[in-house]
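J.: Next input, structure requested:
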Amino acid sequence: MEIPVKWPNETETFDNKSHGVNWKEKERCLSVLDKPPPDDGRLYCPAMFDDWLCWDYTLAGTVASAPCPADFQPLLNKHEMATKMCDENGNWFINPLSNRTWTNYLRCAHLTDTHTTLYIPIAGYAVSCILLLISLVIFNAFRQLKCARVIIHQHLFVSFILTGMLWIGIYVLLMEASEIKDNSPTWCKVYHVATQYVTFCNYMWMFCEGFFLHTIVVQAFSKQKKLLIACTVIGWGLPVLPVSAYTIARVLDPDTDVKCWFEPSWTMWILSAPIVLSLLINFVLLLNILRILLSKIRAFNTAEHNQNRRAVKATLILVPLLGLQNLLTLVTPDLDESSMKIWNMASSVLVSLQGAAVALIFCFFNGEVLTVLKRRLGQWSHSYDQSFMGRPTTNSTTMAMTLEETSTTGAVFKNGNNRMSKASIRNAKDSTELQLMVPNHKQDHITATKS
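T.: Below is the predicted model of the structure:
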């Protein structure tokens, strides 16, 4: 996830590490720093590099300007200019608040815009966390919903909640606690590492959703207990390796060991590369799932428009679950200022509200969950009415629970009998994602194609 920029104070020291360094500009600046000052008898401010831009010798009493380094900090406006003032005595302007030389980058970006960019993901993550917490309560409150598929969802929801909460903390830190970033205390770096860990776990659980769904689609009677163990190791254990490598690289590289590790760095590729790989694998899995979906739908001789509708529905459901919308934010396009603001806001919405979308689709809009909730509300209403009338409620409540359990597991008919095999019961319970794979009027075939 991309961290929006907070504009730092500038310094005149060439090896200052208090904030991110534009290494490409630094290399270019070496030749400027090596050349002698102009020999025309006039007074000049010395050439210098402020960690973002290179400033040539500047005539005293004038203001130097340079294009904003948008190639280094994408959120900067590449159409504006940064300025640096050289006073009458041949000294660069010193900011009285920091007592350091200062470059004016205010025209490159407005702090209000930066804060607005930060408020969007904060609000998005907050909404997602609330909906995900409610979903977890619902999943845990009804034993009828206990199955391998829902357990995978619960792990994913927990990773979404942890990720959202920690990223909210980082965004607040970016807006309000610049001194903490400047001092870069150990606890702040630990917080950053914890955030990267839960974020990586979140992507791994998206991968597990795709891996689990693809496996049970291809192999309907696969060992789901083993799948759960494998997903748990992948989801919570595997991220330890790349996050540890990332942490070691940050500690060993003094050029990146700054600003609580919030500044962009080459070390982020240690985390980004496997995340991108997992998303690409999920994309391939989605294509194969859709291929199987269409083949099963065609087997029922369904009308072509219904086939297309079900395929589109499956895609819309699975894209947020597998995190594939994040592929759209991998590359930042070359846009003008207003378009870039829209792009950044849209990216923030896509990332921060993914958890909310998953909670809505797989809990609040889920037919199985809604059925269980309606039945429970009916039981409570019936019990209340019986109590209000002064009648005993034991028999009616027991009967309602029996009907609820029978309806939840479903009935699978075989050779005209009402007998249910263990495999059929398991498949009937584990049936949400792929119910859309077959037409509703072919109910007698659903069990064979459910996950």
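J.: Report the contact partners of residue 280.
T.: residue 327 (CB atoms under 8 Å, 6 or more residues apart in numbering). Where you see a C-beta, it was placed from the backbone N, CA and C, and this is true even at glycine.
J.: And the stretch of helix or strand residue 25 belongs to, what does it pack against?
T.: According to DSSP states H and E, residue 25 maps onto helix 23-34. Contacts defined by 3 or more CB pairs under 8 Å, 6 or more residues apart in numbering; DSSP states H and E place helix 23-34 against strand 48-49, strand 54-55.
J.: Can you give the distance of the first one from its chain's centre?
T.: Right, strand 48-49. Centre-to-centre, strand 48-49 and its host chain are 37 Å apart (CA atoms, centre = their mean, to the nearest Å).
J.: any idea of the mean pLDDT for it?
T.: Taken as a whole, strand 48-49 has a mean pLDDT of 92.
J.: Which elements pack onto it?
T.: helix 23-34, strand 54-55.
J.: for this protein, which residue is closest to the average position?
T.: Central residue of the chain (CA atoms, centre = their mean): residue 351, 4.6 Å from the mean position.
J.: what's the distance between it and residue 326?
T.: 7 Å (CB to CB, to the nearest Å).
J.: And residue 107, by the same measure?
T.: 32 Å.
J.: cool, residue 296 as well?
T.: Taking CB to CB, one finds residue 296 at 28 Å from residue 326.
J.: Please identify the buried residues of the helix holding residue 25?
T.: 25, 26, 29 (16 or more other CB atoms under 10 Å).
J.: what bits of the stretch 151-300 of the chain have low per-residue confidence?
T.: Along the stretch 151-300 of the chain, the parts satisfying pLDDT under 70 run over 174-179, 181-182, 221.
J.: On the pLDDT front, check residue 147 for me.
T.: Value for residue 147, per-residue pLDDT: 87.
J.: List phi and psi for it.
T.: Per-residue torsions, residue 147: phi -160, psi 170 (degrees, to the nearest 10).
J.: Look up how far residue 379 lies from it.
T.: For residue 147, the distance to residue 379 - CB to CB - is 21 Å.
J.: returning to that earlier point: how about the helices and strands packed on strand 48-49 in JSON lines, adding distance to residue 343?
T.: Shown next, in JSON lines, are the helices and strands packed on strand 48-49 (distance: least, CB to CB, whole Å):
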{"stretch": "helix 23-34", "distance to residue 343": "23"}
{"stretch": "strand 54-55", "distance to residue 343": "28"}
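J.: for those, which one sits closest to residue 360?
T.: Among the helices and strands packed on strand 48-49, the nearest to residue 360 by CB to CB is helix 23-34 (43.7 Å).
J.: Following element in sequence after the closest one, please.
T.: strand 44-45.
J.: Go ahead and name everything in contact with that following strand.
T.: Contacts of strand 44-45 (CB under 8 Å, 6+ apart): 37-38, 55, 57-60, 64, 86-87, 90-92.
J.: Tell me the strands beside it, with direction?
T.: Paired neighbours of strand 44-45 in the sheet (DSSP bridges): strand 58-59 (antiparallel).
J.: about what we covered before: weakest of the helices and strands packed on strand 48-49 by average pLDDT?
T.: Across the helices and strands packed on strand 48-49, the lowest-scoring stretch is helix 23-34, with a mean of 87.
J.: chain center to that helix: distance?
T.: The answer for helix 23-34 is 37 Å, by CA atoms, centre = their mean.
J.: quick one: contacts of that helix?
T.: 14, 47, 48, 49, 51, 52, 53, 54, 56, 69, 71, 72.
J.: Output these as TSV; include the columns neighbour count.
T.: Output for the contacts of helix 23-34, formatted as TSV (neighbours: other CB atoms under 10 Å):
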residue	neighbour count
14	14
47	17
48	23
49	24
51	23
52	24
53	24
54	20
56	17
69	19
71	13
72	18
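J.: Looking at the residues you listed, spot the one nearest residue 286.
T.: residue 71 (34.0 Å).
J.: Among residue 107 and residue 326, which residue is more densely surrounded?
T.: residue 326 (21 against 15; other CB atoms under 10 Å).
J.: Hmm, residue 48 is touching residue 55, no?
T.: Yes: with contact defined as CB atoms under 8 Å, residue 48 counts as touching residue 55 (5.3 Å).
J.: Now the common contact residues for these two.
T.: residue 92.
J.: hang on, the earlier thing: out of the buried residues of helix 23-34, which is nearest to residue 338?
T.: Closest to residue 338, out of all of the buried residues of helix 23-34 and judged by CB to CB, is residue 25, at 25.9 Å.
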